[in-house]
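*Asks:* Mind folding the following:
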Amino acid sequence: MYCPYCSKETKVLESRLIDNSVRRRRECLDCTNRFTTYEKAEFQLSVKKKDGRDQPFDFNKIKSSLQRACSKANVDIIENASKSIEMKLLAKKKNPLTTKEIGKTVLIELKKIDKLAYLRFASIHKEVRNPKMLEKELSMIVNNKSWLKWGV
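*Replies:* Numbers count the residues shown, from 1 in each chain. As a prediction, the model looks like this:
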């Protein structure tokens with residue numbers, strides 16, 4: 001890294017992990033000015049929509065979907081769930097991801113933390129159109145059967 005003041009080499013004085021980024025305190029070897037940098041990984045993932053379009057992947061959409069599904073859940077629970085989903089999706093090493101894969105990953109995580117949130121999200125993701133479909137989904141949750149059999 002070069003110094004923003006004199007464009008000479010710098011050294012790292014300390015590094016700290018903050019949320020999903022690395023904070024580094026740096027000092028210029030020439031002019032001795034100090035400054036802080038933040039490093040965050042960026043991923044160039046895309047999503048293949050149901051209608052065939054590709055669009056850039058946005059982790060904030062997952063977080064907002066979780067907030068809507070979980071309604072009044074603790075912020076830490078939603079944050080942890082969204083990080084877990086992010087890690088699972090990145091581990092797939094597949095680009096583009098499909099909306100079905102993303103939805104399935106979100107549903108697996110929601111089933112662990114909140115059954116009603118799972119049901120809310122599933123009714124949208126699985127396109128539940130009538131009460132019979134909703135009843136079938138509800139019985140799978142109550143009987144703790146695998147929802148994977150239902151054609152996601």
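
*Asks:* So what's the model's average confidence on stretch 90-103?
*Replies:* For stretch 90-103, mean pLDDT is 88.

*Asks:* buried set for that stretch?
*Replies:* 97, 101, 102, 103 (16 or more other Cβ atoms under 10 Å). The C-beta positions use only the backbone N, C-alpha and C, and glycine is treated the same way.

*Asks:* the domain parsing of this structure - what is it?
*Replies:* The chain breaks down by automatic domain parsing into domains covering 10-40, 46-150.

*Asks:* So which of the buried residues of stretch 90-103 are in strands?
*Replies:* residue 97 (DSSP state E).

*Asks:* Now the terminal residues of stretch 11-30, how far apart.
*Replies:* 10 Å (Cα to Cα, to the nearest Å).

*Asks:* repeat for stretch 91-98
*Replies:* 14 Å.

*Asks:* Isn't residue 26 up against residue 39?
*Replies:* No - counting by Cβ atoms under 8 Å, residue 26 sits too far from residue 39 to count as a contact (11.3 Å).

*Asks:* neighbour-wise, which of those two wins?
*Replies:* Neighbour totals were compared for residue 26 and residue 39, and residue 26 leads with 20 against 10 (other Cβ atoms under 10 Å).

*Asks:* Run through the residues that contact residue 35.
*Replies:* Shown in contact with residue 35 (Cβ atoms under 8 Å, 6 or more residues apart in numbering): 3, 4, 25, 26.

*Asks:* repeat that for 10 Å
*Replies:* 1, 3, 4, 5, 10, 24, 25, 26, 27, 28 (Cβ atoms under 10 Å, 6 or more residues apart in numbering).

*Asks:* Residue 85 too?
*Replies:* Going by Cβ under 10 Å, 6+ apart, the list of residues near residue 85 reads 59, 62, 63, 65, 66, 102, 105, 106, 108, 109, 110.

*Asks:* Mind listing what's buried along the lowest-mean-pLDDT helix or strand in the chain?
*Replies:* Using mean pLDDT, DSSP states H and E, helix 131-142 stands out as the lowest-scoring helix or strand of the chain, at a mean of 79. By neighbour count on 16+ other Cβ under 10 Å, the buried set for helix 131-142 is 137, 140.

*Asks:* what does stretch 51-60 give?
*Replies:* 57, 59.
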